Structure formats: structure tokens, C-alpha cells
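Trainee: sequence and computational prediction follow.
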Amino acid sequence: MIDLARKKLFLLDMDGTIYLGDRLFDGTLDFLRRVRERGGRYLFATNNSSRGVTAYVERLRGMGIDAVEEDFLTSTDALIWYLRGKYDEALIYAFGTRTFRQQLSEAGFRITDKREEGISLLVCGFDTELTFRKLEDACILLGDPKVDFIATNPDWVCPTAWGSVPDCGSVCEMLFRATGRRPKVIGKPEPEMALLAMDRWGCSKEETVMVGDRIYTDIACGVRAGIDTAFVLSGEGVPADVEKYGVRPSETYRDIREILEKMG
């Protein structure tokens, strides 16, 4: 059982957890209000590294959520946190969108999108501006064992209004088939996003909970970070996923409304 009364930091997946498509779930606004009334904090956690959070802020505001940029935690944020102290002076090839490169550059890292001498790290994000030149550059760079390889997230696809498009995980699989190299992954299901959130907001593991509808990303992230996890059945996940993926949540809830009801 999760002692929800003790939780101060709620890490929330979005699609399937607080809304589905363009429909905000019943109880979402009341839940967010309750967290704030109790002096807690919530963060919307996303693996999408192709853009900044402005689009998410606008989308949630359109649904009635009074969101600000500080309410979001992306895999790019976690990547920057992970890189600090390890690659501060490195020349980094950023395989991703212009926004992705800009975020890394503004964080103080030496960034390039051209193959040149001195590159010691290739970082790969969800790239909606993918070109063959980037793929070729990456393959050449990964042929050098001294060049490290990090990816923002392992997602195979990113959902769209009409279906799915290849996400960072699919591109990294293509690079693996070409080079034999696999990246260090940062986003969910790895623990870095949860660890960053606790570090940034000064909360302990006992005070933090991950809420999501996917066992293999959201819940796995929380488990690997050593925090409680709330699995909601309002999105993609079904109870059978617990055995399928071998990842056990702390507790399973019908939806965000049931979590609200059990917060007291």
C-alpha cells in the first residue's frame, strides 16, 4: 500500500494518466489542486525530446490546467543533469532537432551537428528533422570506440493523430544494426528522470511517487529509482502487463480519480 498522505512529489505521466487524446480525465483538476493545497509538488514527466515544453504548456492550458514550464520534466532535462560533471568540456554531436541542440547549448555544453575533429560524445534524441547525413555521421562517429553514445529515451514510436512515427529507440536500433553500438539510455524506464526530480526539489524517495499507465516505462522508472509507483488503468496498460514485463507497481488504481479519493 502507498501512504499517499506522506507523498510530497508526484511524478505524472500525461497521455493515458491525466488525459487521453484531447479529453481530460475526470478528477485530474481536483487531484492537481489537492496536491498543491497540501503543499506538495507535481511534475509532468515526458520522454519526448524533440521540442521544449512550450507546446505542452499550451496544450494543458487548453484543457484547463494552469501549467507553467517549471511543471514539466523532460528526458532532455534528465540528459543535461546526467551530462553535468561528466562532459562539461566535451565536444558533443547532438543528433536531434534544432530545439534539442539549442537546449543543450543553452545549458552550457559545446554542441555541434556536423562531424568534426574532437567529438567525444554522440547524444541522440527524438528527431523529427532526421536526415540521412545525420545517420551517416552517427555511424562514422560510432566506429570510434572512444566516442561515447547516449540516448534520451528508448521509445520505439511516438503516437500521432493518424498512427505512429519512429521515435528515438527505433533510430538507435537502426544505428545498432549498422554499428553494433547501443547507447546509455536516460529517459523512462531508466531512473534518471526520477532521480533528477528528487534532486531538484529536495524530496526523499519516501516522499516521492511515480504515476503512470505504462508498466514498461513509467512504473519501471519508479521501481529502478527506488520510489513508490502507482499504476493507473486509464490508458495503455492492463493488469496482465505486470506479469508480462516482470515489473510490479506498489499499487494499481482505476484512474487518477481513485488516487485522489485515497489521498484523504
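Mentor: The structure has been received and is ready for your questions. Numbers count the residues shown, from 1 in each chain.

Trainee: show me the strands in the stretch 101-250 of the chain, by range?
Mentor: Read by DSSP state E, counting those that start in this stretch, the stretch 101-250 of the chain holds these strands, from start to end of the chain: 110-112, 119-124, 148-151, 157-159, 164-166, 184-185, 208-212, 228-232.

Trainee: could you dump those to TSV with mean pLDDT?
Mentor: Written out in TSV, the entries for those read as follows (pLDDT from 0 to 100):
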stretch	mean pLDDT
strand 110-112	98
strand 119-124	98
strand 148-151	98
strand 157-159	79
strand 164-166	88
strand 184-185	96
strand 208-212	97
strand 228-232	98
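
Trainee: same list (these) but as CSV, adding mean neighbour count.
Mentor: Where C-beta positions appear, they are placed from N, C-alpha and C, glycine not excepted. Formatted as CSV, the entries for those read as follows, by neighbours: other Cβ atoms under 10 Å:
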stretch, mean neighbour count
strand 110-112, 17
strand 119-124, 22
strand 148-151, 22
strand 157-159, 15
strand 164-166, 14
strand 184-185, 16
strand 208-212, 27
strand 228-232, 25
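
Trainee: okay, those strands in a markdown table with distance to Met14 next?
Mentor: Listed next are the strands of the stretch 101-250 of the chain as a markdown table, based on distance: least, Cβ to Cβ, whole Å:
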| stretch | distance to Met14 |
| --- | --- |
| strand 110-112 | 28 |
| strand 119-124 | 23 |
| strand 148-151 | 21 |
| strand 157-159 | 12 |
| strand 164-166 | 17 |
| strand 184-185 | 20 |
| strand 208-212 | 9 |
| strand 228-232 | 12 |
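
Trainee: of these, which is nearest Ile65?
Mentor: With distances scored as Cβ to Cβ, the stretch of the strands of the stretch 101-250 of the chain nearest to Ile65 is strand 208-212 (15.0 Å).
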